[in-house]
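> after the sequence you'll find the predicted model.
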Amino acid sequence: MAKPMLSAAKLLLMIVLAAIALLPIVWMAFGSFRAHEEIFKYASDMDWRTIFPVEWTLDNYRAIFSDETKPFGRFIANTLLVAVPVTVLSLIFNSLAAFAFAKLRFRFKKTIFAFFLSALVIPGEVTLVPSYLLMSDFGWIDQYAALIVPAVVSVFGVFLLVQFFSDIPRDLLEAGRMDGASWLRVYRSVVLPAAVPAIVTLAVITFLGQWDAYLWPLVVLNDQNKMMLQVAIATFSNLQVTEWGRILAADTVSSLPILVLFLFVQRYYVQGIAMSGIKG
Amino acid sequence: MKKSMGTLLAVLLATGTLAGCGGGGNGAASPSGASEPAGTSAAGENGGEKVTITYWRHDNEAEVKALKQLIASFQAKYPNVTVKMEVIPYADYETKIRTALAGGKAPDVMGIDGPFVASYAHQDAIVPLDDYFAQNGDLDDITAPVRESLTYKDKIWAAPLNDASVAMFYNKKLFEDKGIPLPSQNPEEAWTWEQVRDAAAKINDPAHKIYGWDPAWGLGPGEGSAFVKMTYLWQAGAEILSPDGQTAKGYLDSAEAKKALTFFGGLYNDSKVAPKELPPEAFESGKLGIAMNGPWFLPVLQNNFKNFKDWAVAPLWKDAKQVTPMGSWNMAITKQSKHPREAWEFVNWVTGKEGAKVWYEVTKNLPARLSVADAFPELKEYPLNIWVKQSSTYAKPRPVSPAYPAISKAITDLFEDVTLKKGNVDDAVNRAVEKIDKALSSVK
């Protein structure tokens, strides 16, 4: 008797938590169909108008996509142009490094790994100016290389994959070695297929990180035609006025790819988090 | 986080850490610049050499539109000069420009908010414009408060795009519903603090989500917030710094300053006519009786709030003195620029007598030039005449000091401390004086 009650209570609790998490997103999405004037008009009294637009309009979407001085479609393309290569390259580099740290035996491995991991505690803001000077010396200011190359190696990504790779029995790898496979072959044929959830998780995190990147693209890119998505959205707020309608529309559009991506890989993502979490 | 980033960079730059790097970065960049002639001042006059001027500014639709027009006409006049304008989101403009200065990658011309001019000048990031102004800049045409606000160590460091001022905005309907007599439109007949407070008390009805008065753009940090809060100190008759700009002691802790702070805190805590948390865009959605804003608010009301017609404008309130805030964005030439002569011709094209007229027509910003204020009849009529009159008669510049970023922060913190009752007014004032004096001694 108690059991169904308990699971019903659990379900209810989960629904409430999900509603709390979803509310701002729903408000954003519906808000993007309101005229600027209406967005905050009903925000302080709770009734249906707090969430649902009274007068639906597509003006905000029309405004962001028809503004020739701020080609929104182009900003999305720019962001993809950076986020996709970063995601692909970072998977290759980070998984190789993680493989070495997790499975290979070499001198000072633990020390090097500890030293490497210590970089996790350095906040990005501290390295902003030194990184900028380095990019400037490379002649990469105002070029996508400045966004892509430094983002390819991620300490967190290596750490995540090391946690996951540690679970793969070494015997399995030794067997591959016995059969005459090189370490690189073992990595490709044994480790990678076993680590799909972790790889997918890292891919989503990396892509999302690039999609949402703000400060670094703001600082290293100058040319407006190269502008990244989040920086472009920030331009809708200026000294005199914040164009809430356009911001909500732009945010809604920019959430869609992430949402779709997540729907497809959700299964692996949860697995990836759970499994690496157990070990760590 | 973003705000603290700017502050961090400001501190680094102030202490010379980054300025040192900047020199290095400049040197490293010289291979590409080595082909440029060493004496750049002559380059503009022969008119032959192709020159590109980069110009960075924060984003604003109307202003960017005006600049595109002015850049097109400038390039038609000076075919050898190409101007590359790069627009940066306002919220992180300082972060970006200071990082670039540190990296030796600053633009030739930069947008700069009035009170930060001294800080950039002190750090040797921008060059004085006196000689250029003397040649063809019509300096006398610029209003006296604006000139004063851009003058540091007897030199002028930037050319103003426009001025700014704020007036009282009120909701006519809320006034009439409560039978409150409307304030005069005459800039000479500003309401006193007490008159505004009494009107606000009648309107204030938090139970029904109607609020009386937002006296100074909330309580948050930021330059806009400091810009309007300083006026309370001045209106009461206080000063922030000594006339020589060396200390806040004896000025910010005066009886007048404490009176202003006590009045301000009382609005939130005693009469409670000002809410500590205000719904977003409260005035525009008819939930706020009295606010303050500049002429830039008129197009916002007309474009984004077409159905809201209850607003009206009156002169900014006063106390012992009638004082209004002033100062806006300017153009400065960086020391890193390899083409300061061409950069000046561009700056003067935009901010000079003719450019300023185009600027006003497109942006409707309060002019910083007397000739422009004369040229447009609408500037002599309600409501624009209120800001124009205030900016020429009652405007007071924020302190011109290389320590200004710290002063601005200390002032917003002070008003917040007093309002949220973190200790009494005396303690809060002493803390602010201490912070400012420490910042002043670090830039001596």
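On my side now, so go ahead.
> can you pull the contacts of the residue in the stretch 151-280 of chain A positioned nearest to chain B?
Closest contact between the stretch 151-280 of chain A and chain B, by Cβ to the nearest Cβ, is at A:Ala234 (3.7 Å). Where C-beta positions appear, they are placed from N, C-alpha and C, glycine not excepted. Going by Cβ atoms under 8 Å, 6 or more residues apart in numbering or on different chains, A:Ala234 touches A:214, A:218, B:89, B:91-92.
> near chain B, which residues of chain A?
When proximity is defined by Cβ under 8 Å from any Cβ of the partner chain, chain A lies next to chain B at A:36-37, A:39-41, A:43-45, A:69, A:125, A:128-129, A:132-133, A:136-137, A:141, A:215, A:218-219, A:222-224, A:231, A:234-235, A:237-241, A:243-244.
> just the ones in strands from these, please.
Applying DSSP state E to those, no entry is found in strands.
> okay, the residue lying closest to B:Pro160 once chain neighbours are set aside: pLDDT?
For B:Pro160, ignoring the flanking residues on the chain, the nearest one in space by Cβ to Cβ, 6 or more residues apart in numbering or on different chains is B:Ala368 at 3.9 Å. Looking at B:Ala368, its pLDDT is 96.
> same check on B:Gly327?
pLDDT, B:Gly327: 94.
> that one and B:Asp163 touch, don't they?
Yes - judged on Cβ atoms under 8 Å, B:Gly327 makes contact with B:Asp163 at a distance of 6.9 Å.
> any residues in contact with both of the two?
With Cβ under 8 Å, 6+ apart as the test, B:Gly327 and B:Asp163 both reach B:145-146.
> so what's the residue nearest to the spatial centre of chain B up against?
Geometric centre of chain B, nearest residue: B:Ser328, 3.7 Å, by Cα atoms, centre = their mean. Counting by Cβ under 8 Å, 6+ apart, B:Ser328 touches B:113-114, B:160-164, B:365-366, B:368.
> check contacts around A:Ser189.
Going by Cβ under 8 Å, 6+ apart, the list of residues near A:Ser189 reads A:176, A:181.
> now it, what's its secondary structure?
Three-state assignment for A:Ser189 (DSSP: H, G, I helix; E, B strand; the rest coil): helix.
> and the gap between it and A:Gly176?
Using Cβ to Cβ, to the nearest Å, A:Ser189 is found at 7 Å from A:Gly176.
> for B:Ile126, see how far away whatever residue of chain B ends up closest to chain A is.
Chain A sits closest to B:Pro89 of chain B, with a gap of 3.7 Å, by Cβ to the nearest Cβ. Using Cβ to Cβ, B:Pro89 is found at 22 Å from B:Ile126.
> where does pLDDT dip in chain A?
For chain A, the stretches flagged by pLDDT under 70 are A:1-2, A:272-280.
> for the stretch 201-350 of chain B, same thing?
If you take pLDDT under 70 as the line, the stretch 201-350 of chain B has no such spans.
> so how far is stretch B:62-70 from its chain's centroid?
On the basis of Cα atoms, centre = their mean, to the nearest Å, stretch B:62-70 sits 19 Å off its chain's mean C-alpha point.
> check which residues of it are buried.
B:62-64, B:66-67, B:70 (16 or more other Cβ atoms under 10 Å in any protein chain shown).
> just the ones of the residues you listed in helices?
B:62-64, B:66-67, B:70 (DSSP state H).
> pick the one among those residues closest to B:Thr54.
B:Leu67 (13.1 Å; Cβ to Cβ).
> and residue 113, what are its phi and psi?
Let's take chain A. phi -60, psi -40 (degrees, to the nearest 10).
> wrong one, I was asking about chain B
phi -80, psi 140.
> tell me how many other residues crowd it.
B:Asp113 is flanked by 21 other residues according to other Cβ atoms under 10 Å in any protein chain shown.
> in the stretch 51-200 of chain B, which spans are strands?
B:51-58, B:81-88, B:109-113, B:151-152, B:155-156, B:159-160, B:167-171 (DSSP state E, counting those that start in this stretch).
> can I get these in CSV with distance to A:Thr201?
Formatted as CSV, these follow (distance: least, Cβ to Cβ, whole Å):
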stretch, distance to A:Thr201
strand B:51-58, 38
strand B:81-88, 34
strand B:109-113, 43
strand B:151-152, 54
strand B:155-156, 58
strand B:159-160, 53
strand B:167-171, 52
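> right, I'll leave it there.
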